[in-house]
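S.K.: sequence-free structure coming up:
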């Protein structure tokens, strides 16, 4: 199988490969999220989109047996990262029973075991026009590609700076994980164009629905008053920035 020659797969760019994998699951994102790794072709597409393998890499060994292994790693990373996020948010005391649970310990053990495998070796070779391009020294196997994701998870979980940037989308019905690298760490949504815009639209509708009642109660009905009611201080600050 050649990577990149299957059905379309949308990749959420979380800032880390291991979090990108978590976002491929039906429980890893938006309300209408579905399983993206639903077949070998989809997995091949994701491996290329996530840059685990260069475009055009031959993946003849990729078959249906790879899917449960990547899904299991996805669930393990989700469990471990969510534990770290709970700690950052001060929720550890509420979930002490989960911190030493067999499921958590087994997830950590599996991720560490996968991370100990050798990842595919990269090579730089001349491409079109003589520019060097990345390829792999040999066709990657499942264990080698799982190792790339598992090592990224270990790096994330053991890096205090990266852990401190872990966030979960503040969208009402979204729970994607991502790294907040924004200035001042003020990012609230996985995507300002999707979840952020959805939240702004919902806020505007709530204000619009409450405007007639406010006017009837004696609130100013001038154009300026309506404009001020529709724009909160946070929105004005965003516009000035």
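M.R.: That came through, no problem. What you see is a predicted model; the values in this text were computed from it and never measured.
S.K.: Next, residue 13: phi, psi?
M.R.: phi -90, psi 100 (degrees, to the nearest 10).
S.K.: got a list of what it touches?
M.R.: residue 20 (Cβ atoms under 8 Å, 6 or more residues apart in numbering). C-betas here are computed from N, CA, C, even on glycine.
S.K.: what's the burial count for residue 116?
M.R.: Residues lying near residue 116 (other Cβ atoms under 10 Å) number 12.
S.K.: Where do the strands of the protein begin and end?
M.R.: 122-126, 132-136, 166-168, 177-179 (DSSP state E).
S.K.: What is the third one packed up against?
M.R.: Based on contacts counted as 3 or more Cβ pairs under 8 Å, 6 or more residues apart in numbering; DSSP states H and E, the elements that strand 166-168 packs against are helix 66-88, strand 177-179.
S.K.: Those: lowest mean pLDDT?
M.R.: With a mean of 88, strand 177-179 has the lowest mean pLDDT of the helices and strands packed on strand 166-168.
S.K.: still on that earlier bit, mind checking which of the strands of the chain is nearest residue 58?
M.R.: Among the strands of the chain, strand 132-136 comes nearest to residue 58, with 9.3 Å by Cβ to Cβ.
S.K.: Sheet partners, orientation included, of that closest one?
M.R.: strand 122-126 (antiparallel) (DSSP bridges).
S.K.: circling back to that earlier point, which of the helices and strands packed on strand 166-168 sits most buried?
M.R.: Mean neighbour counts were compared across the helices and strands packed on strand 166-168 using mean count of other Cβ atoms under 10 Å; the top stretch is strand 177-179, at a mean of 22.
S.K.: what's in contact with that one?
M.R.: Contacts of strand 177-179 (Cβ under 8 Å, 6+ apart): 12, 14-16, 19, 22-23, 28, 78, 81-82, 85, 162, 165-169, 187, 190.
S.K.: And the buried ones among those, selectable in PyMOL?
M.R.: The buried residues among the contacts of strand 177-179 can be selected in PyMOL (16 or more other Cβ atoms under 10 Å) with this line:
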select buried, resi 12+14+15+16+19+22+23+28+78+81+82+162+165+166+167+168+169+187+190
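S.K.: picking that back up, right, and the helices and strands packed on strand 166-168 - which one's nearest residue 36?
M.R.: With Cβ to Cβ as the measure, helix 66-88 is the member of these nearest residue 36 (10.2 Å).
S.K.: Touching the closest one from outside, list them.
M.R.: With Cβ under 8 Å, 6+ apart as the criterion, helix 66-88 contacts 18-19, 21-22, 24-25, 27-28, 37, 39-40, 43, 92, 94-95, 98-99, 103-104, 107-108, 110-111, 114, 142, 146, 149-150, 153, 156-157, 163-164, 166-168, 177.
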